[in-house]
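Trainee: sharing a model prediction with you, sequence too.
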Amino acid sequence: MIFGASVLNYVDRQALSILAPTIQGNLKLDDEGYALIVNLFLVAYTLSYLFSGRIVDRLGVRASFAFFVGWWSVANVLTAFARSLGSLGAFRFMLGLGEAGNWTAAPKAVAGWFAPRERGFAIGLYTLGASLGATVAPLLVVKLAGWGGWQAAFVATGALGLLWLGPWLWLYRSPPATTPTISAPAKAESWRTVLARREVWLLMLARLLTDPVWYFYQFWFAKYLHDARGLSQSALTVTWVIFLAADLGTLGGGWFSGLLIQRNLAPAASRLRIMLGCACLVPLSVLVPHAAALPLALACGMVVVFAHLAWLTNLSALVLDLIPQRSLATTFGIVAAGSSVGGIAMNWGVGRLVTNFSYTPAFAIMACLHPLALALLWPLRRKGEPAS
């Protein structure tokens, strides 16, 4: 069910970028206006990370997950009724308030039900839902828009989220107290205690630095292919191969770190070894705008996205390895807030670069971020739980 929610989460957010050429023409938005709309989503996403984790720690996974999915699904349906920059921005802001809850509730569920050696793959599996959603979104959204106009794409995909609620509320239950991975119930830690941990700040900075790469490929890569390489909107379905690479990265990253843990390497050290390999591959981003042929540009993009999603899966698992369960969702929200802050800065900067220069500097910047983040995180390899 969490996998399914993650699919819907990314289909709903990707719909705007896929239909951006049509919506921009219909609502008379320029590229800076588009960047503003995306940033309104990310501002809400940031704010939601800060309070959604607290809601999950207090209400539990079952109720909070249902609330967040219901909220963002309604927001996605309302997007169909946007008639200006203001109304579109308001509905995407509302979407951001709900969507962040998916990523604070999901790790709380994984921490409760899975041992350390299993968590990387479990996180990879539900994160696969996100990248699979991004993979199928170009095919699904373009098909729906061709059938009933761009508005139909938002109504139909939002309705799927509302249908998800029934099975979730029927099926999901909290882990029993006898589950080995569950410690005795404890009151959530205070904000001061959570923020006093050095690990929280390092993990937040790492996401702030590296998640802009994923946001860039989600929100701008299709526009790059349209603007710089002349692909029509119908031809943008080719972007599914980028997100197929993301699918492979999410599962591969979690599986490989789990394999290292089975060989008695500590969880934190196993995550960081995989992240080291990823940090060596992401710099291939700089080659994308210089590739003479479209297939070569897509291939470079696939390697970058594969590496980033393997990185993200292990970075998420690293949070579970280092942070006590009683405040895990709160901490995860704070760490993930760094992600959307970085995304906001990226969208503002890319909007300016594209308007005044080109996409080439943006791809170069994306190539530098993971090695810098790895340098911050590398000292954490000796911390956390033992292998189990």
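Mentor: Arrived safely, thanks for sending.

Trainee: you'd agree A206 is up against L377?
Mentor: Yes. With contact defined as Cβ atoms under 8 Å, A206 reaches L377; the gap is 5.3 Å. Yep, even glycine has a C-beta here, placed from its N, CA and C like the rest.

Trainee: between these two, what contacts are shared?
Mentor: Counting by Cβ atoms under 8 Å, 6 or more residues apart in numbering, the common neighbours of A206 and L377 are L315.

Trainee: neighbour count: these two, which is higher?
Mentor: Comparing A206 with L377 by other Cβ atoms under 10 Å, the one with more neighbours is A206, at 28 against 23.

Trainee: can you give me the helices in the stretch 201-350 of the chain?
Mentor: Along the stretch 201-350 of the chain, counting by DSSP state H, counting those that start in this stretch, helices occupy 221-229, 240-262, 267-281, 294-322, 328-356.

Trainee: turn the ones you listed into a markdown table, columns for mean neighbour count and mean pLDDT.
Mentor: A markdown table is the format used below for the helices of the stretch 201-350 of the chain (neighbours: other Cβ atoms under 10 Å; pLDDT from 0 to 100):
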| stretch | mean neighbour count | mean pLDDT |
| --- | --- | --- |
| helix 221-229 | 19 | 89 |
| helix 240-262 | 22 | 84 |
| helix 267-281 | 22 | 93 |
| helix 294-322 | 24 | 92 |
| helix 328-356 | 23 | 84 |
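
Trainee: with distance to L144 added, can I get the ones you listed in TSV?
Mentor: As requested, the helices of the stretch 201-350 of the chain are arranged in TSV below (distance: least, Cβ to Cβ, whole Å):
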stretch	distance to L144
helix 221-229	16
helix 240-262	15
helix 267-281	34
helix 294-322	24
helix 328-356	25
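
Trainee: and the ones you listed: which comes nearest S84?
Mentor: helix 328-356 (18.8 Å; Cβ to Cβ).

Trainee: report the buried residues of the helix or strand just after the closest one.
Mentor: Scanning forward in sequence from helix 328-356 by DSSP states H and E, the next helix or strand is helix 360-366. If you call a residue buried by 16 or more other Cβ atoms under 10 Å, then helix 360-366 has these buried ones: 362-366.

Trainee: just those residues now: which is nearest S48?
Mentor: Among those, and counting by Cβ to Cβ, the member closest to S48 is M366, at 24.9 Å.

Trainee: look at the closest one and report its pLDDT.
Mentor: If you check M366, the pLDDT there is 92.

Trainee: make 16 the starting number, not 1.
Mentor: In the new numbering, first residue 16, that becomes M381.

Trainee: isn't it up against W229?
Mentor: No. Here M381 lies out of contact with W229, judged by Cβ under 8 Å, at a distance of 9.7 Å.

Trainee: name the helix or strand of this structure that has the lowest mean pLDDT.
Mentor: Across the helices and strands of the chain, mean confidence by mean pLDDT, DSSP states H and E is lowest for helix 35-42: a mean of 79.

Trainee: and that one, what does it pack onto?
Mentor: helix 46-74, helix 100-114, helix 165-186, helix 236-244 (3 or more Cβ pairs under 8 Å, 6 or more residues apart in numbering; DSSP states H and E).

Trainee: got a list of contacts for it?
Mentor: Against helix 35-42 from outside (Cβ under 8 Å, 6+ apart): 31, 44-45, 48-49, 97-100, 103, 160, 165, 237-238, 241, 248.

Trainee: same check, this time on stretch 178-193
Mentor: Contacts for stretch 178-193 (Cβ under 8 Å, 6+ apart): 16, 19-20, 23, 75-77, 80-81, 84-85, 88, 124, 127-128, 196-197, 200.

Trainee: what's the angle from the least confident helix or strand of the chain to helix 46-74?
Mentor: 110 degrees (axes from the mean of the first three to the mean of the last three Cα atoms, to 10 degrees).

Trainee: between helix 100-114 and helix 35-42, find me the angle.
Mentor: Put simply, helix 35-42 runs at 140 degrees to helix 100-114, going by the same axes, to 10 degrees.

Trainee: got the buried residues for helix 35-42?
Mentor: Using 16+ other Cβ under 10 Å as the test for burial, helix 35-42 gives 35-36, 38-39, 42.

Trainee: any chance of those in JSON lines, with distance to V58 too?
Mentor: Formatted as JSON lines, the buried residues of helix 35-42 follow (distance: Cβ to Cβ, whole Å):
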{"residue": "A35", "distance to V58": "19"}
{"residue": "P36", "distance to V58": "24"}
{"residue": "I38", "distance to V58": "20"}
{"residue": "Q39", "distance to V58": "20"}
{"residue": "L42", "distance to V58": "20"}
